[in-house]
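>>> Sequence and computational prediction follow.
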Amino acid sequence: MSKVAVVTGASAGIGRATARELGKRGYSVGLLARGEAGLRAAQHEIEQDGGRALPVPVDVTDADAVEAAAERIERELGEIDVWVNVAMAAVLGEVRHTSADEFRRVTEVTYLGSVHGAQAALRRMLPRNRGKIVQVGSALGRRGIPLQATYCGAKHAIQGFVESLRTELIHEGSNVDITLVQLPGLNTTQFGWVRLRPPVDHQPQPVAPIYQPEVAARAIAWAAENKRRELWVGYPTTLTIVGNWFAPRIQDYYLAKTGYGGQQTKKPASPDRRDYLFDPLDSDEDRGSHGTFDDQAKAHAPQVWMSMHRRALTLGAVAALAATAGGIARRA
């Protein structure tokens, strides 16, 4: 019997790409999201490749609904081996122009949705003493940027949650594992759906350089099958996190200067633009996994490959150095 994975936010973007990748790797995939058209399309893509998928419409802010979805997936697909938390929401705008309800909603989806998913997974994995939780994070969970206080705040909360949970699992001596995958800017549907608030008046875009969602999906699927505390995807993620360790004040001023224009295109936003914050945009129409930046997005991230193979690369480097040293010694 194939292994079973659950992916939240599976109807579009990173979640959709991750569900496809896991399906290709032989997993039966439980698909959780609000958008029913996107869920059906994700199911079709996995089944076209010969896999199995079960779409379950659910809002991850509802803990009871997430628990019921987990019960149904185990009943119809089998015991859950991997749980991937991807679902997120955001508002793009300054703090002073963002309402309390908007902050609350983003926090409930992005942070509490991940908590609900992890708890549903733990209820099943801990008694079996096996299983893997993959939590999708962001470089912005380590370094806040202007116009994204809702999202950055929620991702910072996820960072603390994962660290707390990991220490509890270590204390218990549990074989349940958790990996945090930190992502860069990606070409997903998010930027056509995010709610805009002043001073944002142009179509939003990911912070460059931009990567395709399949880059993230491959990293997430690798994390599902390997033990790693964190996996950083793309050199911008590494630069952002490490740079904030050593020069946070410089980053403050740099982002204050570049962060506004760098997150907007030159195209004005439509005055009747719809967003996904409270209601899904893919309930009756599938929007896919890619955004509108295919011409700019990178399909590969060499840094990720190097991170995945760091042990082999380190051993190879040591062997090369030893051989070089031996050659020098023989000539001496």
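Structure's in. What do you need?
>>> Every contact and neighbour count from this point should use C-alpha atoms.
Fine.
>>> ok, residue 297 touching residue 188?
No. Residue 297 is not in contact with residue 188 according to CA atoms under 8 Å; the separation is 10.1 Å.
>>> what residues do the two have in common as contacts?
Common neighbours of residue 297 and residue 188, counting by CA atoms under 8 Å, 6 or more residues apart in numbering, are residue 212.
>>> the more surrounded of those two?
Shown here are residue 297 and residue 188; by other CA atoms under 10 Å, residue 188 has more neighbours (28 against 20).
>>> quick one: pLDDT of the residue nearest the centre of the chain?
Nearest to the geometric centre of the chain sits residue 136, at 3.3 Å (CA atoms, centre = their mean). pLDDT recorded at residue 136 is 98.
>>> Residue 305 now?
With respect to pLDDT, residue 305 scores 71.
>>> got the CA positions of the helix or strand where it lies in CSV?
If you go by DSSP states H and E, residue 305 is part of helix 302-308. Provided in CSV are the C-alpha atoms of helix 302-308 (Å, rounded to 0.1, in the frame of the first residue of the first chain):
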residue,chain,number,x,y,z
PRO,A,302,21.1,25.1,-7.5
GLN,A,303,21.4,26.1,-3.8
VAL,A,304,18.6,23.7,-2.9
TRP,A,305,20.3,20.8,-4.7
MET,A,306,23.5,21.6,-2.8
SER,A,307,21.6,21.7,0.5
MET,A,308,20.0,18.3,-0.2
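>>> show me where this protein has strands.
Applying DSSP state E to the chain gives strands spanning 4-8, 28-33, 53-57, 82-85, 91-92, 132-136, 177-182, 195-196, 202-204, 230-232, 264-268.
>>> Could you list the low-confidence segments of the chain?
Low-confidence segments of the chain (pLDDT under 70): 1, 309-332.
>>> what's the longest helix in it?
Looking across the chain with DSSP state H, the single longest helix is helix 149-172.
>>> Now do that one: distance to the chain's middle.
Mean-position distance between helix 149-172 and its chain equals 14 Å (CA atoms, centre = their mean, to the nearest Å).
>>> Over to stretch 9-25?
Taking mean C-alpha positions (CA atoms, centre = their mean), stretch 9-25 and its chain are 11 Å apart.
>>> Name the residues of that stretch that are buried.
9-24 (16 or more other CA atoms under 10 Å).
>>> domain ranges for the chain?
According to automatic domain parsing, the chain is divided into the following domains: 4-300, 301-332.
>>> Tell me which of those sits most buried.
Per-stretch averages of neighbours, counted by mean count of other CA atoms under 10 Å, single out domain 4-300 among those, with a mean of 20.
>>> Quick one: end-to-end distance for it.
One end of domain 4-300 sits 27 Å from the other (CA to CA, to the nearest Å).
>>> Equivalent analysis for stretch 31-42, please.
Terminal-residue distance, stretch 31-42 (CA to CA): 8 Å.
>>> got the contact list for the longest helix of the chain?
89-92, 94-95, 102-103, 106-107, 110-111, 114-115, 135, 137-138, 140-145, 175-178, 180.
>>> hang on, the earlier thing: what's the spacing between the helix holding residue 305 and its chain's center?
17 Å.
>>> Now residue 209: closest residue in space that isn't a chain neighbour?
Excluding its sequence neighbours, the residue lying closest to residue 209 (CA to CA, 6 or more residues apart in numbering) is residue 185, at 6.9 Å.
>>> Tell me the spacing between that neighbour and residue 11.
For residue 185, the distance to residue 11 equals 19 Å [CA to CA].
>>> just residue 121 next, same as before
Here residue 121 is placed at a distance of 20 Å from residue 11 (CA to CA).
>>> Kindly report the same for residue 303.
According to CA to CA, residue 303 and residue 11 sit 28 Å apart.
>>> Could you do residue 93 as well?
For residue 93 relative to residue 11 (CA to CA), the value is 25 Å.
>>> With residue 274 instead?
From residue 274 to residue 11 the distance is 18 Å (CA to CA).
>>> just residue 276 next, same as before
Relative to residue 11, and taking CA to CA, residue 276 is found at 13 Å.
>>> what does residue 198 give?
According to CA to CA, residue 198 stands 29 Å off from residue 11.
>>> ok, now residue 81?
The value you get for residue 81 to residue 11, if CA to CA is used, is 20 Å.
>>> again with residue 26
From residue 26 to residue 11 the distance is 19 Å (CA to CA).
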